[in-house]
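S.K.: Sequence plus predicted model, see below.
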Amino acid sequence: MGKLIVTAFVTLDGVMQAPGGPGEDVDEGFEYGGWQVPYVDHDFMGLMTGIFEQTADHLLLGRKTYDIFAAHWPRVTDENDSIAVKLNAMPKYVASRTRSSLEWHNSHLLKGEAEESVAELKERLDGVIMTQGSSDLIRTLQLHDLVDEYRLLVNPVIIGTGKRLFAEGAAPAAWTLTESRVTSVGVQYCAYERAAKPEYGSFQLDDQE
């Protein structure tokens, strides 16, 4: 059975919309595209290279992120760019209601409702299924409790508006921190593995007679 890992770039206030450029995702009038660019340094790229090279076996994308990636990565033909080599070769699965075909090498269109097709994908595949971007798809995965691990790169900036990693309706779950690092410019990398259902308690002291 496959393990589903959500990898996400987020701000301190949880925004993950359009980290890479002004025109990446302007839904709901988002004006702050490219907020992550100032924080991408050698440490950051080392983290991402390790994640892709050592972790991901399959890539799971929503349609918008697929379109962005498919317009860029096939053009990167430098064999020394290990991320490009990995992305261009690895199997890619795309959840889309509007796409009828996919041009990027080794890309596969998921049919039906995303929660059902991704659940089936996890049953069918071995290894790690990793998302990148794809905020709308991630919301569906959270709602249906399909995420096994988060790998978050939290950037030291507050945007105040935009699509957030965690929205109302996500299935309650507890997580275990398994790894944590900080880059030279203050990006916090945290890996969380699924633990169990949340436990609840109270700070209220019992009444004493």
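M.R.: Now that the structure is in, tell me what you want to look at.

S.K.: Give the buried residues for the longest helix out of those in the chain.
M.R.: What stands out as the longest helix in the chain, according to DSSP state H, is helix 42-54. Buried residues in helix 42-54, counted by 16 or more other C-beta atoms under 10 Å: 43-44, 47-48, 51-52. The way it works is simple: take the backbone N, C-alpha and C, and place the C-beta from them, glycine included.

S.K.: What count of nearby residues applies to Leu110?
M.R.: Leu110 has 19 neighbours, counted by other C-beta atoms under 10 Å.

S.K.: Let me see the contact set for it.
M.R.: By C-beta atoms under 8 Å, 6 or more residues apart in numbering, Leu110 lies in contact with 93-96, 117-118, 121.

S.K.: before we move on, back to that, so which of the buried residues of helix 42-54 is the closest to Cys190?
M.R.: Minimum distance to Cys190 across the buried residues of helix 42-54 is 11.0 Å, recorded for Leu47 (C-beta to C-beta).

S.K.: What ranges does the protein have for its strands?
M.R.: Taking DSSP state E as the criterion, the chain carries its strands at 3-11, 58-62, 92-95, 107-110, 128-132, 149-155, 174-182, 188-196.

S.K.: right, and those strands - which one's nearest Asp25?
M.R.: strand 58-62 (10.6 Å).

S.K.: So what are the sheet partners of that closest one and their directions?
M.R.: strand 92-95 (parallel), strand 128-132 (parallel) (DSSP bridges).
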